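> fold the following for me, if possible:
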Amino acid sequence: MGKVLKGLYDSLEEPVIVYDRRADAYHSNRAFARIFGDENFNKVVNKFHFDICILENEDLKTYTPISAALSSKYDYCSAASFQRDNITFEQYIIKAVTIKNLKIIYFYDITKEILLERLEAENEKLKIQNQEFASTSSMAQNQAVKMGLLNRISTSILETKDIKDLINTALKELSIIFAAAKVYFIADTNKIEYIYPAGYSSQIGEDVLFDDNTQKDLAAKKISAAAVMKEHQGIAEHLKSPLTRIVMPSYSGDNLMGYVVVLTSKKDISEVEKELLTSICVQITNALLKMQLFEKINFQNEELENTLKKLRETQLQLINSEKMASLGQLIASVAHEINTPLASISANNEMRQKASEMGEEGLELIKEFNEIDTDAIKRINNLVQSLKRFVRLDEDIQQQADINAELDLTLNILRHKTKDKIEIVKNYAQVPFINCYPNMLNQVFLNLLMNSIQAGASKITISTFIEEDDMCILISDNGCGISEDCSQKIFHAGFTTKKVGEGTGLGLAICKKIIEKHQGDISFTSAGGTTEFKVKIPL
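Below you'll find the predicted structure:
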């Protein structure tokens with residue numbers, strides 16, 4: 001390359017590479033050395049990379065912006081990145097032209113221009129964000145005012161059951177927001193029901209009639225706002241100066257609850273104020289609905305209390321009726337249990353009369369007769385006491401009771417049914433007294449034991465024990481068992497497998513209700529010739 005040409009390129013501020021094809025030699029100007037350094041030319045070339053390029057060479061490792069410029073058959077221009085170090089990248093436009101045997105490559109640094117474009121874009125973005133932030137901030141402030149007001153009214157709704165206090169609170173808040181001369185609530189009867197300030201209370205009960213335009217807006221469930229000299233039609237006196245009258249309908253679905261009327265000197269009503277008015281009307285509607293619901297619930301609660309009282313009485317009567325029915329089935333056995341010792345006493349009385357005539361030998365016989373009579377009287381007394389305890393009607397009084405003793409009481413009632421016929425095995429643990437309804441539990445025990453007897457059992461085993469926090473009673477027998485078909489319906493009222501006159505079909509259903517009244521559980525298993533009922537009562 002000639003000295004003149006080299007001097008020309010050295011005077012340029014942009015880096016330049018000149019490739020002499022004939023000599024197969026590279027020459028760079030001073031700007032190239034100043035900007036890219038004096039290091040090996042190939043190292044500089046390899047630090048340039050395409051951002052996006054159209055491949056003209058399959059060898060990606062050697063295909064760089066500079067190699068593409070050198071190999072191009074035409075004038076060439078592309079954007080490229082120069083990696084100065086591990087974190088610094090610069091942007092260049094690479095242009096190449098061919099003059100005879102010389103390929104001249106120019107490097108134009110556009111890093112600053114790109115940074116400037118980016119900064120301008122960022123700046124524009126920040127301006128938009130600032131505008132959005134200002135708008136959002138304004139909306140947030142308005143929303144905060146709205147939420148604060150609604151929170152105060154909502155708190156009033158939650159804390160008071162007095163609808164008058166609640167609506168007056170809402171009207172007062174509206175008066176503050178709109179700087180209103182007067183705010184009032186018209187019920188669906190078109191009469192003023194609540195008003196603020198209290199100085200206008202004489203107007204409560206006054207009929208209100210609006211003009212046709214206002215009526216149309218209200219019928220469409222819209223806010224009506226109009227400049228007026230009279231509050232409404234049918235009123236004699238005029239206002240001292242024109243005011244803006246805002247009327248907001250209060251609806252629950254399609255149900256009109258009433259209207260809120262605001263009289264203010266404000267000429268323009270903002271959207272935020274309209275939203276506040278709408279929200280407060282919703283709160284007033286909710287309050288009215290709450291009070292209506294409260295009154296309805298009170299009425300229903302009274303009805304439920306009366307119904308529950310009747311149900312309790314009916315339940316008590318049903319349990320007692322079932323108990324009496326059970327005793328009715330046992331009456332012959334009970335009578336026999338009493339008649340047997342009575343017959344013994346009667347016979348002993350006759351023998352005692354004869355023994356009294358036998359002298360000293362008779363005295364020994366009389367002593368023996370007295371012992372027999374004492375035992376018979378004790379048996380009669382025990383049976384009578386068991387019957388008295390069994391028929392007690394104290395269903396609504398919880399008592400401390402010994403479950404083992406209550407089981408024995410029931411067994412005593414059934415003694416004639418079981419003695420010499422059924423083996424009774426008692427596995428009683430030492431268990432604490434529990435709070436319960438003893439006579440109700442006696443009814444459960446009687447029913448379960450009667451079922452075992454009627455199932456043809458020859459052995460009944462009764463066990464008591466504590467399991468976790470429950471008192472447990474197991475009653476098992478070796479009777480005929482319970483079929484799978486019956487097992488699904490056994491606790492259903494009216495279901496029975498007994499003959500007519502032997503059962504009501506209510507026994508086990510009542511047992512379940514009694515155990516549920518104790519917050520307990522009753523269950524059973526029947527398999528392998530053994531049926532076992534398990535009763536659990538919380539301690």
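> what pairs with Ile104 across the strands?
Per DSSP bridges, the residues bridged to Ile104 are Val18, Val97.
> try Ser252
Asn255.
> that one: neighbouring residues, count only.
13 (other C-beta atoms under 10 Å). Placement of C-beta: from N, CA and C, glycine included.
> quick one: the helices in the stretch 401-539 of the chain?
Counting by DSSP state H, counting those that start in this stretch, the stretch 401-539 of the chain has these helices, from start to end: 403-413, 415-418, 438-454, 484-487, 507-517.
> can you point out the buried residues in the fourth one?
If I follow you right, that is helix 484-487. By neighbour count with 16 or more other C-beta atoms under 10 Å, helix 484-487 contains no buried residues.
> which parts of the stretch 101-250 of the chain are helices?
Counting by DSSP H, counting those that start in this stretch, the helices of the stretch 101-250 of the chain are 111-159, 163-177, 212-219.
> before we move on, the earlier item: deepest-packed of the helices of the stretch 401-539 of the chain, please.
helix 438-454 (a mean of 23; mean count of other C-beta atoms under 10 Å).
> that helix vs helix 507-517, what angle?
150 degrees (axes from the mean of the first three to the mean of the last three C-alpha atoms, to 10 degrees).
> got the angle for helix 438-454 vs helix 403-413?
Using the same axes, to 10 degrees: helix 438-454 against helix 403-413 is 50 degrees.
> quick one: average confidence on helix 438-454?
Helix 438-454 carries an average pLDDT of 86.
> what about it, distance to the chain center?
Centroid separation between helix 438-454 and its chain, computed with C-alpha atoms, centre = their mean, to the nearest Å, is 42 Å.
> wait, Lys426 touches Ile462, no?
Yes - assessed by C-beta atoms under 8 Å, Lys426 is found in contact with Ile462 at 5.4 Å.
> neighbour count: the two, which is higher?
Per other C-beta under 10 Å, whichever of Lys426 and Ile462 has more neighbours is Ile462, with 23 against 13.
> separation between the more buried one and Asn435?
Separation of Ile462 from Asn435 (C-beta to C-beta, to the nearest Å) stands at 22 Å.
> what's the answer for Ile522, then?
18 Å.
> which of those two has more neighbours?
Legend: neighbour count by other C-beta under 10 Å for Ile522 and Asn435, higher for Ile522 (21 against 12).
> any idea what that one is bridged to?
Val535.
> identify the residues contacting Ser476.
Listed by C-beta atoms under 8 Å, 6 or more residues apart in numbering, the contact set of Ser476 reads Ile460, Thr461, Ser463, Thr530, Thr531, Glu532, Phe533.
> does the fifth one really touch Asp477, like I thought?
Yes - between Thr531 and Asp477 there is a contact under C-beta under 8 Å: 5.7 Å.
> between Lys426 and Ile462, what contacts are shared?
Counting by C-beta under 8 Å, 6+ apart, the common neighbours of Lys426 and Ile462 are Leu407.
> hmm, back to that, nearest to Asn255, out of the helices of the stretch 401-539 of the chain?
helix 507-517 (42.0 Å; C-beta to C-beta).
> now do the closest one, average pLDDT.
Mean predicted lDDT for helix 507-517 stands at 84.
> check the offset of that helix from the chain's centre.
That offset, for helix 507-517, works out to 31 Å (C-alpha atoms, centre = their mean).
> now stretch 70-82
69 Å.
> now what about it, what contacts it?
19, 36, 47-53, 56-57, 65, 68-69, 89-98, 103, 105, 110.
> quick one: end-to-end distance for that stretch.
Criterion C-alpha to C-alpha, to the nearest Å; first-to-last residue distance in stretch 70-82 is 17 Å.
> just the buried residues of that stretch, please?
Leu70, Tyr76, Ser78, Ala79, Ala80, Ser81, Phe82.
> and which of the residues you listed is nearest to Ile403?
Ranked by distance to Ile403 (C-beta to C-beta), the buried residues of stretch 70-82 are led by Ser81 at 91.4 Å.
> okay, and the closest one sits in which element?
Ser81 is part of strand 76-83, with elements assigned from DSSP states H and E.
> in its sheet, which strands sit next to that strand, and in what direction?
Using DSSP bridges, the strands paired with strand 76-83 are strand 48-50 (antiparallel), strand 89-99 (antiparallel).
> what's the following helix or strand after the first one?
Read that as strand 48-50. Counting by DSSP H and E, the next helix or strand C-terminal to strand 48-50 is helix 65-71.
> list the buried residues of that following helix.
So helix 65-71, judged by 16+ other C-beta under 10 Å, has buried residues Pro65, Ile66, Ser67, Ala68, Ala69, Leu70.
> quick check: the second one vs Asn370, distance?
From Ile66 across to Asn370, the span is 138 Å (C-beta to C-beta).
> do the first one as well
Using C-beta to C-beta, Pro65 is found at 134 Å from Asn370.
> one more: the third one?
Counting by C-beta to C-beta, the gap from Ser67 to Asn370 is 137 Å.
> and for Gln129?
Per C-beta to C-beta, Gln129 is found 114 Å from Asn370.
> can you confirm Leu342 is in a strand?
No - read with DSSP: H, G, I helix; E, B strand; the rest coil, Leu342 is helix and lies in no strand.
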